[in-house]
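Engineer: Here you go, sequence then predicted model.
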Amino acid sequence: MLGAMKTDKPGRPGRPKTSPLSRREQFRRAKRAQRARERAAGMAVVPLKLAARDAERLRAAMARPEFVRELRALLDDTLVETAAFENLSALCWNRRDHYLGAEEAFRLYERNWRLVDRRRMKPAERALIERLAARYGNGVLNV
């Protein structure tokens, strides 16, 4: 007869219901609001497939407080934003990519040096060319 007893409360015991929405719907809306806040803050999710060992190492590295700073430094060394530099942007008029590999940018400067406006070049772009020449050209820009 115990199995035939009815209880007053349907559902699971636990926290009292404070919303007419189901828990699943509350969770879905909370996640949607969280994603909207992250997008507004300029955050994005990047799916990445790695070997298991590399994924484990990446998870461990992400737990370190200096990870984001070092990741930015790595990206700055590896990629060049074409729109940030006037001459490079002009040299990339026929490319859709917003970023170039650093070595590719250096080779592009070398091949098309005759088209670079050196008189109006900003100090940031001069510093970029010097950095790229030091790294990929042994300190020499072959022009």
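Structural biologist: Everything's here; your move. Numbering: from 1, shown residues only.

Engineer: switch to C-alpha atoms for all contacts and neighbour counts from now on
Structural biologist: Will do.

Engineer: which stretches of the protein have low pLDDT?
Structural biologist: 1-12 (pLDDT under 70).

Engineer: And the helices in it, which stretches?
Structural biologist: For the chain, the helices defined by DSSP state H cover 23-40, 52-62, 67-78, 86-91, 102-111, 123-136.

Engineer: now these in TSV, with mean neighbour count and distance to residue 16?
Structural biologist: Listed next are those as TSV, based on neighbours: other C-alpha atoms under 10 Å; distance: least, C-alpha to C-alpha, whole Å:
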stretch	mean neighbour count	distance to residue 16
helix 23-40	12	11
helix 52-62	11	37
helix 67-78	12	40
helix 86-91	17	59
helix 102-111	18	57
helix 123-136	15	60
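
Engineer: could the ones you listed be laid out in CSV, adding distance to residue 14?
Structural biologist: Below are those laid out as CSV (distance: least, C-alpha to C-alpha, whole Å):
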stretch, distance to residue 14
helix 23-40, 12
helix 52-62, 34
helix 67-78, 40
helix 86-91, 60
helix 102-111, 57
helix 123-136, 60
